[in-house]
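Participant: Sequence plus predicted model, see below.
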Amino acid sequence: MSNLSGEQRMLAALNRLTKWRTHYAGWQLGTRAKGDPESDAVRDHRELTMLLRVELTALTGLLMRKGVIAQAEFQAALEREADALAGDYAARWPGVQATGDGLTYDLETIRKAGWMANWRP
């Protein structure tokens with residue numbers, strides 16, 4: 001049995017999990033040294049995403065197990081939030097819509113909106 005406290009065990013588990021950040025950065029960008037700004041940014045973002053996922057899953061599980069929320073309530077709330085965020089993205093990027101098959105691009109609307117004019121080819 002471990003002599004570590006609950007907090008120490010939690011921190012060790014989170015530390016192990018976030019080691020994956022380098023793997024995912026390499027998958028996205030190719031092998032890069034620490035200190036490469038682009039790779040450092042991807043590693044930082046991957047770490048944040050992993051930690052947020054673990055925290056949200058843990059919190060949601062606790063709330064359901066304690067009977068504070070029901071699974072159906074949570075699923076309905078997720079659906080509402082996902083639809084609202086997709087709508088916000090569509091408003092931010094006129095001419096782009098998310099569908100069940102992927103993103104659709106209305107090039108004429110995008111051209112008129114002008115937001116893609118300075119994107120790299």
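Facilitator: Perfect, thanks for sending it.
Participant: quick one, domains of the chain?
Facilitator: According to automatic domain parsing, the chain is divided into the following domains: 1-69, 73-121.
Participant: Rebuild the ones you listed as TSV, extending it with mean neighbour count.
Facilitator: Just so you know, the C-beta spots here come from the backbone N, C-alpha and C atoms, and that holds for glycine as well. As requested, the domains of the chain are exported to TSV (neighbours: other C-beta atoms under 10 Å):
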stretch	mean neighbour count
domain 1-69	12
domain 73-121	11
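Participant: Show me where this structure has its helices.
Facilitator: With helices called from DSSP state H, the chain shows them at 6-18, 20-29, 37-65, 71-92, 107-113.
Participant: Of all the ones you listed, which one is nearest residue 99?
Facilitator: Of all these, helix 71-92 sits nearest to residue 99, with 9.9 Å by C-beta to C-beta.
Participant: can you tell me which of the helices of the chain comes nearest to residue 98?
Facilitator: That would be helix 71-92 among the helices of the chain, by C-beta to C-beta, at 4.9 Å.
Participant: Can you check what angle separates the closest one from helix 37-65?
Facilitator: Here the directions of helix 71-92 and helix 37-65 differ by 150 degrees (axes from the mean of the first three to the mean of the last three C-alpha atoms, to 10 degrees).
Participant: Touching helix 71-92 from outside, list them.
Facilitator: 60, 63-64, 96-98 (C-beta atoms under 8 Å, 6 or more residues apart in numbering).
Participant: now the residues you listed in JSON lines, with distance to residue 73 and pLDDT?
Facilitator: Below are the contacts of helix 71-92 laid out as JSON lines (distance: C-beta to C-beta, whole Å; pLDDT from 0 to 100):
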{"residue": "60", "distance to residue 73": "11", "pLDDT": "96"}
{"residue": "63", "distance to residue 73": "10", "pLDDT": "97"}
{"residue": "64", "distance to residue 73": "9", "pLDDT": "97"}
{"residue": "96", "distance to residue 73": "31", "pLDDT": "97"}
{"residue": "97", "distance to residue 73": "28", "pLDDT": "96"}
{"residue": "98", "distance to residue 73": "24", "pLDDT": "96"}
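Participant: would TSV of those with distance to residue 83 be doable?
Facilitator: Below are the contacts of helix 71-92 laid out as TSV (distance: C-beta to C-beta, whole Å):
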residue	distance to residue 83
60	19
63	22
64	22
96	15
97	12
98	10
